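Trainee: Next input, structure requested:
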Amino acid sequence: MLDHINIQNILFIDIETVPKYQDYKYVPEGLQELWAKKTKYERKEEITPEEYFPERAGILAEFGKIICISIGFFSNSTLRLKSFYGDDEKQLLADFIEMMNSHYSHAKYMLCAHNGKEFDFPYIARRALVNGLRLPKLLDIAGKKPWEINHLDTMELWKFGDYKNYTSIALLANIFNIPTPKDDIDGSDVARVYWKDKDLERIVVYCQKDVVTVAQLLLRYKGLPLISDDDIIIAN
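Mentor: Numbering: from 1, shown residues only. A predicted model of the protein is given here:
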């Protein structure tokens, strides 16, 4: 599977997001009204917009923000990791885009994430535009034909055309005997760890583990052996 793809041309990616505001009371009034309308049909009748905000706002690009983007790429047999993170979303996005434009603008390169086509890729693009930044080439897909978009999605690949199937990365890691990335926190904990615990470094570690798992999963898809921890290098 995927024999035509050179794994050294793939940039593995994962993002962590949180509600843009620590508490619903800080959300501007007009945006509160739009939040209520946006989530009206998602919420159960007994759940108020205020109660729903900390649970859901982080995964909607209009109401959330990115606090970490972790990337990974293979250099020979080594997986190298780097993270862009911080409270200043515009700055971390600008740094990420500069790296993309400097090193991944050639047509041979591809982005890869788990559920990336539904979440990571569009979320980064939307938040970049909100922050007044130009999209890097790999995320600027407007007007492109499907076969011209260099995006890989390990969840979509696992569907094999089954549109109703959703499979978590934790489940796939388990069945492929890949060390789980969910050994500390999971996605539902990120907002709490960021806003209440103020422990961004913990979130960065979690994000990097997800990148490693996506890379390992693609190796399994290609019928290649997993890499060991000794072959993973984290850049400063």
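Trainee: just the strands in the chain please.
Mentor: Secondary structure of the chain, counting by DSSP state E: strands at 10-19, 64-75, 78-85, 110-113, 151-153, 232-234.
Trainee: Run the angle between the second one and strand 10-19 for me.
Mentor: Put simply, strand 64-75 runs at 160 degrees to strand 10-19, going by axes from the mean of the first three to the mean of the last three Cα atoms, to 10 degrees.
Trainee: pLDDT on strand 64-75, on average?
Mentor: Mean per-residue pLDDT for strand 64-75: 97.
Trainee: Now distance to Lys25 and mean neighbour count too, for the strands of the chain, in a markdown table please.
Mentor: For glycine as for every other residue, the C-beta is placed from the backbone atoms N, C-alpha and C. Listed next are the strands of the chain as a markdown table, based on distance: least, Cβ to Cβ, whole Å; neighbours: other Cβ atoms under 10 Å:
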| stretch | distance to Lys25 | mean neighbour count |
| --- | --- | --- |
| strand 10-19 | 12 | 25 |
| strand 64-75 | 17 | 23 |
| strand 78-85 | 26 | 19 |
| strand 110-113 | 33 | 24 |
| strand 151-153 | 37 | 19 |
| strand 232-234 | 38 | 15 |
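Trainee: Asn236 and Met100, how far apart?
Mentor: For Asn236, the distance to Met100 (Cβ to Cβ, to the nearest Å) stands at 19 Å.
Trainee: more crowded one of those two?
Mentor: Using other Cβ atoms under 10 Å, the more surrounded residue of Asn236 and Met100 is Met100, with 21 against 4.
Trainee: List the contacts of the more buried one.
Mentor: Pro136, Lys137, Leu138, Leu139 (Cβ atoms under 8 Å, 6 or more residues apart in numbering).
Trainee: Can I get the lengthiest helix in the chain in CSV, CA atoms only?
Mentor: With secondary structure taken from DSSP state H, the chain has its longest helix at helix 200-221. Taking C-alpha atoms only, helix 200-221 is exported to CSV below (Å, rounded to 0.1, in the frame of the first residue of the first chain):
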residue,chain,number,x,y,z
LEU,A,200,1.6,24.1,27.8
GLU,A,201,4.7,22.0,27.8
ARG,A,202,2.6,18.9,28.8
ILE,A,203,0.4,19.6,25.8
VAL,A,204,3.4,19.9,23.5
VAL,A,205,4.6,16.5,24.5
TYR,A,206,1.2,15.0,23.9
CYS,A,207,1.0,16.7,20.5
GLN,A,208,4.4,15.3,19.5
LYS,A,209,3.3,11.8,20.6
ASP,A,210,0.4,12.1,18.2
VAL,A,211,2.8,13.0,15.3
VAL,A,212,5.0,10.0,16.1
THR,A,213,1.9,7.7,16.1
VAL,A,214,0.7,9.0,12.7
ALA,A,215,4.2,8.4,11.3
GLN,A,216,4.3,4.9,12.8
LEU,A,217,0.8,4.2,11.4
LEU,A,218,1.8,5.2,7.9
LEU,A,219,4.8,2.9,8.2
ARG,A,220,2.5,0.1,9.1
TYR,A,221,0.3,0.9,6.1
